[in-house]
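Student: Make a model of this:
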Amino acid sequence: MNKPIKRLVFYNLRRTINQSSSSSSKNPNFQSSTPNQSLYNETINTHSLNSTNINTHLPNSTNFTQFRRFSSTKDDDGCETDKSLPIDAGSSLRKPMSMYPGMYHSPVTNALWEARSKLFEQVSADGQVTDDSELFSKTPSWSRTGVQYKFSTDYSLREQYRNPWNEIRMGKLVEDLDALAGTVSYKHSCNGDGTTRPLLLVTASVDRIVLKKPIRIDTDLKIVGAVTWVGRSSMEIQLEVIQSTEETSSSTDSLALVANFTFVARDTKTGKSAPVNPILPETEGEKLLWEEAEERNKRKKEKRSEQKKNVHHNDEDRLNSLLAEGRIFCDMPALANRDSILIKDTCHQNSLICQPQQRNIHGRIFGGFLMRKAFELAFSTAYNFAGAAPRFVEVDHVDFLKPVDVGNFLRLKSCVLFTELDDPNQPLINVEVIAHVTRPELRQSEVSNKFYLTFTVRPEALTDGVRIRNVVPATEEEARRVIERVDAEKSAKSLIRKLH
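Tutor: Numbering: from 1, shown residues only. From the prediction side, this is the model:
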């Protein structure tokens with residue numbers, strides 16, 4: 001077919017389509033034969049119908065509608081078992097966009113907040129809030145909650161969690177872990193009658209998030225969490241990411257990631273610490289987890305006590321040793337070791353205005369969102385430092401020092417704090433991210449969060465000749481930060497060896 005005939009066919013086709021469209025606008029009974037047009041109309045109508053019920057589920061209203069019920073029943077032997085079905089991670093993707101805070105950045109966050117709606121500060125029938133002085137002992141099974149990711153069949157969900165290397169976006173998964181930990185903490189704080197006392201439950205710290213094996217994006221996975229330890233006003237929640245494949249032969253092999261979150265309870269009126277329900281571990285596994293958490297919390301208290309005493313008399317030799325190479329970089333750069341680099345030359349930063357869409361149900365910026373932003377900056381820092389795409393190993397520690405509010409000017413600053421090159425097959429890159437809440441109109445800047453993450457590089461990158469450099473401090477302040485983190489890592493590893 002020559003070009004003039006092609007143009008004529010295309011013109012006649014376009015003219016036919018235009019005439020059909022014109023006929024459909026004049027004839028109310030006209031039905032388009034184009035499948036996509038019919039589907040488009042159906043989608044719009046469904047969205048229009050569903051959107052009428054959205055406002056009844058807003059978390060800022062006084063009463064909340066129960067979307068999912070966490071049930072805990074007893075088996076034939078009288079033992080309490082968790083019979084609640086895992087939350088479908090993709091359920092919010094199949095609903096119209098709502099006004100739930102934080103929904104836009106995680107479908108799991110929205111699904112969890114829906115499930116949490118009945119647990120959030122419910123008001124009794126007479127309009128009086130339940131007395132917060134009465135506490136109820138709970139077993140870990142009471143708070144156990146799971147979320148199912150149907151990656152193998154839910155393409156839309158899989159696309160939201162896929163990174164450029166066709167692997168899972170760890171920052172997004174970390175965000176979901178914080179949301180799940182929040183739901184677990186609310187569930188544990190729920191009273192015996194199904195209502196929740198008016199407590200402000202916030203993330204205080206993340207002790208560790210350890211990746212046990214690579215997580216695949218094309219295989220279903222499940223995250224499960226429960227309260228494992230309770231103090232007077234704090235609780236520790238352990239979360240597990242489970243992914244079974246054809247190669248896994250046992251439940252231990254299916255464990256892909258383990259995380260420990262610490263939440264604290266505050267009185268909604270005074271802002272002071274508030275007591276939380278005690279915990280009663282029943283099984284041997286639950287008792288073991290309680291003992292491990294108890295030991296970790298003792299170590300935390302000892303560490304805080306040492307920091308108050310400001311003991312640095314044994315650090316002088318270590319400081320001088322760390323600063324020796326840094327002084328050569330500063331004073332004689334031409335003679336500096338080419339396999340080393342100063343900490344300040346690995347730095348990156350990111351700034352953002354905290355938006356209302358990033359808030360949690362208390363109106364402050366969602367901790368999971370902050371963790372995701374910190375993870376993504378840390379990943380970029382490790383990527384630029386190594387010259388190859390990094391692979392996540394663990395989150396060493398996260399401190400939530402001050403709340404971040406809507407409208408705050410947040411600055412995230414990152415650097416490679418130190419590297420561990422003892423194992424040439426798995427060099428470790430330790431990244432520090434510090435979040436600053438800046439108030440330009442008040443000329444104020446405060447540290448709100450500290451994040452410490454560890455990455456490595458892929459084996460194929462090492463085969464291709466990628467080499468990880470040693471990182472050295474140039475100032476005494478940098479050297480002290482390195483010593484503090486190295487000691488914290490040694491203490492954590494020592495505790496793990498002791499407990500296992």
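
Student: Tell me how far residue 486 lies from residue 397.
Tutor: Note on residue 486: its distance to residue 397, by Cβ to Cβ, to the nearest Å, is 13 Å. Placement of C-beta: from N, CA and C, glycine included.

Student: again with residue 426
Tutor: 20 Å.

Student: between these two, which one's more packed in?
Tutor: residue 397 (18 against 14; other Cβ atoms under 10 Å).

Student: hang on, the more buried one packs against residue 207?
Tutor: Yes: with contact defined as Cβ atoms under 8 Å, residue 397 counts as touching residue 207 (6.5 Å).

Student: And the pLDDT at the nearest residue to residue 89 once chain neighbours are set aside?
Tutor: Distances taken as Cβ to Cβ, 6 or more residues apart in numbering place residue 149 nearest to residue 89, at 4.4 Å, with adjacent residues excluded. For residue 149, the model assigns a pLDDT of 94.

Student: burial measure for residue 149, as a count.
Tutor: 27.

Student: Now do the contacts for it.
Tutor: For residue 149, the contacting residues are 89, 90, 108, 157, 161, 220, 221, 222, 223, by Cβ atoms under 8 Å, 6 or more residues apart in numbering.

Student: can you check residue 215 too?
Tutor: 167, 168, 170, 173, 221, 241, 243, 256, 257.

Student: Which of these fall within helices?
Tutor: Secondary structure from DSSP state H places 170, 173 of the contacts of residue 215 in helices.

Student: Looking at the contacts of residue 215, spot the one nearest residue 341.
Tutor: residue 170 (25.1 Å; Cβ to Cβ).

Student: host element of residue 237?
Tutor: strand 234-242 (DSSP states H and E).

Student: CSV please, covering the contacts of residue 215 and showing pLDDT and neighbour count.
Tutor: Shown next, in CSV, are the contacts of residue 215 (pLDDT from 0 to 100; neighbours: other Cβ atoms under 10 Å):
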residue, pLDDT, neighbour count
167, 92, 16
168, 94, 25
170, 95, 23
173, 94, 24
221, 94, 25
241, 96, 26
243, 94, 23
256, 95, 24
257, 96, 23
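
Student: Closest one of the contacts of residue 215 to residue 467?
Tutor: For the contacts of residue 215, the nearest to residue 467 is residue 167 (23.4 Å; Cβ to Cβ).

Student: right, and that closest one touches residue 217 too?
Tutor: Yes: with contact defined as Cβ under 8 Å, residue 167 reaches residue 217; the gap is 5.9 Å.

Student: By mean pLDDT, point me to the weakest helix or strand of the chain.
Tutor: Across the helices and strands of the chain, mean pLDDT, DSSP states H and E gives its lowest value to helix 35-50, namely a mean of 30.

Student: hang on, the earlier thing: tell me the buried residues in the next helix or strand after the strand holding residue 237?
Tutor: Downstream of strand 234-242, the first helix or strand assigned by DSSP H and E is helix 251-254. Within helix 251-254, the residues scored as buried using 16 or more other Cβ atoms under 10 Å are residue 254.

Student: how close does the residue nearest to residue 89 get to residue 216?
Tutor: For residue 149, the distance to residue 216 - Cβ to Cβ - is 11 Å.

Student: do the same with residue 180
Tutor: 20 Å.

Student: Look at these two and report which has more neighbours.
Tutor: Between residue 180 and residue 216, counting by other Cβ under 10 Å, residue 180 is the more crowded of the two (27 against 16).

Student: mind listing what the residue nearest to the more buried one when sequence neighbours are not counted touches?
Tutor: Closest residue in space to residue 180, ignoring its immediate chain neighbours: residue 225 at 5.0 Å, by Cβ to Cβ, 6+ apart. Residue 225 is in contact with 143-146, 177, 180-181, 183-184, 237-240, counting by Cβ under 8 Å, 6+ apart.

Student: Quick check: which ranges of this structure have low pLDDT?
Tutor: 1-84, 90-106, 113, 115-133, 192-197, 248-249, 251, 304-314, 497-500 (pLDDT under 70).

Student: Please repeat the previous calculation with a cut-off of 50.
Tutor: Within the chain, the stretches with pLDDT under 50 are 1, 3-74, 76, 78-80, 96-104, 121-127, 129, 311.

Student: Could you point out the longest helix of it?
Tutor: helix 284-309.

Student: Can you tell me which helices and strands the helix or strand following it packs against?
Tutor: On the C-terminal side of helix 284-309, the closest following helix or strand by DSSP H and E is helix 316-331. Helices and strands touching helix 316-331, by 3 or more Cβ pairs under 8 Å, 6 or more residues apart in numbering; DSSP states H and E, are strand 340-342, strand 470-472, helix 476-499.

Student: Helices of the stretch 101-250 of the chain, start to end?
Tutor: 107-116, 140-143, 155-160, 170-189 (DSSP state H, counting those that start in this stretch).

Student: Put together TSV for those helices, with distance to residue 405 on each row.
Tutor: Putting the helices of the stretch 101-250 of the chain into TSV (distance: least, Cβ to Cβ, whole Å) gives the following:
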stretch	distance to residue 405
helix 107-116	19
helix 140-143	28
helix 155-160	27
helix 170-189	18
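
Student: nearest to residue 348, of the ones you listed?
Tutor: Taking those one by one with Cβ to Cβ, helix 170-189 is closest: 15.2 Å.

Student: Buried ones in the closest one, by neighbour count?
Tutor: 170-189.

Student: Next: stretch 345-353.
Tutor: Buried-residue list, stretch 345-353, by 16+ other Cβ under 10 Å: 346, 348, 350.

Student: How about stretch 427-441?
Tutor: 427, 428, 429, 430, 431, 432, 433, 434, 435, 436, 437.

Student: isn't the fourth one right next to residue 415, touching?
Tutor: No: distance between residue 430 and residue 415: 9.9 Å, which falls outside the contact criterion (Cβ under 8 Å).

Student: hmm, back to that, how about the buried residues of stretch 427-441 in CSV, adding secondary structure?
Tutor: Shown next, in CSV, are these (DSSP: H, G, I helix; E, B strand; the rest coil):
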residue, secondary structure
427, coil
428, strand
429, strand
430, strand
431, strand
432, strand
433, strand
434, strand
435, strand
436, strand
437, strand
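
Student: what would these look like in TSV with distance to residue 278?
Tutor: Formatted as TSV, the buried residues of stretch 427-441 follow (distance: Cβ to Cβ, whole Å):
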residue	distance to residue 278
427	45
428	39
429	41
430	37
431	38
432	36
433	35
434	36
435	33
436	37
437	34
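
Student: ok, so of those, who is nearest residue 362?
Tutor: Nearest to residue 362 among the buried residues of stretch 427-441, with distances taken as Cβ to Cβ, is residue 437, at 16.5 Å.
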